[in-house]
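Chemist: the following comprises the amino acid sequence and a computationally predicted model.
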Amino acid sequence: MTPHNDEAARRVAFWAAIACAGTSIAYVLGQLLEWQGLLGSAGGPESASTPLGIAVLLTPSLLLGSSFLVLVAALHRIAPVEARVFSQIALAFATVYTTLISMVYFTQLTLVGPRIASGDTAGIEYLFFVPYRSFLFAVDLLGYSFMCIATLFAALALPTLRGARPARSLLLLNGALTPFLLFQMYEPQLIWIAALWGVTFPAAVIALARMFRKPQSA
């Protein structure tokens, strides 16, 4: 059995890509509401979230982390043997991304959000997720930078299936956003370029889902 004919891995990749698409789109829609101030914050990209905003934004984000890790693991299984070094690198960066953002979002959802809602925030101020002014926000930016690097290397490891070309192009575009995420702590205005992630990433995983839906070779 050649790698790209691994039916189980292809099915896992398809459903993981669907999960990534759904959770990332849910996050993007929530972020638009947040920036409009419709979730209780002051609006804009530099405002801290309310408990409602934390729940709406970070629940799909937490699920996205695990979905993306499963997707990249399946891609590594399917990757051509000569490209396995790239898929292995993608899997390594995806693992670190998932670890970092899961720690951040689980903490926000289970500790910070409920404590803010109850008005009992004494002693946890250092855990607040404040854009550009907090430790966990910096960790989050690092995590998403690693995600973009993972998509860059995943693009180099796609099997030769129909639909691989648009998927590869979109993964590369998403990977090109890495510096605009990584350096936002120094220059917050980079958010307006990094926000293209809300288009490139969902489009990339939708393209991957379409690629894995049919097993025909290109």
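Modeler: Arrived safely.
Chemist: my guess is Thr23 meets Leu64, correct?
Modeler: Yes. Here Thr23 reaches Leu64: they are 4.0 Å apart, a contact under C-beta atoms under 8 Å. C-beta here means a position set from N, CA and C on the backbone, and glycine is covered the same way.
Chemist: so which of these two has more stuff around it?
Modeler: Leu64 (28 against 22; other C-beta atoms under 10 Å).
Chemist: helices and strands around the helix or strand hosting the more buried one, which ones?
Modeler: Element membership for Leu64 (DSSP states H and E) is helix 51-78. Packed against helix 51-78 by the contact rule (3 or more C-beta pairs under 8 Å, 6 or more residues apart in numbering; DSSP states H and E) you find helix 7-35, helix 84-107, helix 113-118, helix 135-155, helix 197-213.
Chemist: between those, which one is closest to Pro51.
Modeler: helix 113-118 (4.2 Å; C-beta to C-beta).
Chemist: elements contacting the closest one?
Modeler: With contacts defined as 3+ C-beta pairs under 8 Å, 6+ apart, helix 113-118 has these neighbours: helix 51-78.
Chemist: and the direction of the helix it packs on versus that of helix 135-155, what angle?
Modeler: Calculated by axes from the mean of the first three to the mean of the last three C-alpha atoms, to 10 degrees, helix 51-78 forms an angle of 30 degrees with helix 135-155.
Chemist: make 386 the first number, not 1, from now on.
Modeler: Okay, residue one is now 386; in that scheme the one you just asked about reads as helix 436-463.
Chemist: and helix 436-463, how far out from the chain middle?
Modeler: From the chain centre to the centre of helix 436-463 is a distance of 6 Å (C-alpha atoms, centre = their mean, to the nearest Å).
Chemist: measure Gln493 to Val455 for me?
Modeler: According to C-beta to C-beta, to the nearest Å, Gln493 and Val455 sit 22 Å apart.
Chemist: compare the two (neighbour count), which wins?
Modeler: Taking neighbours as other C-beta under 10 Å, Gln493 and Val455 compare with Gln493 leading, 26 against 19.
Chemist: what's near enough to touch that one?
Modeler: Contacts for Gln493 (C-beta atoms under 8 Å, 6 or more residues apart in numbering) come out as 439, 443, 512, 514, 521.
Chemist: using CSV, lay out these together with distance to Met570.
Modeler: Formatted as CSV, the contacts of Gln493 follow (distance: C-beta to C-beta, whole Å):
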residue, distance to Met570
Ile439, 20
Leu443, 19
Leu512, 17
Phe514, 14
Leu521, 12
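Chemist: rewinding a little: switch the helices and strands packed on helix 436-463 over to a markdown table; also include distance to Pro573 and mean pLDDT.
Modeler: Listed next are those as a markdown table, based on distance: least, C-beta to C-beta, whole Å; pLDDT from 0 to 100:
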| stretch | distance to Pro573 | mean pLDDT |
| --- | --- | --- |
| helix 392-420 | 13 | 96 |
| helix 469-492 | 18 | 98 |
| helix 498-503 | 23 | 94 |
| helix 520-540 | 11 | 97 |
| helix 582-598 | 15 | 96 |
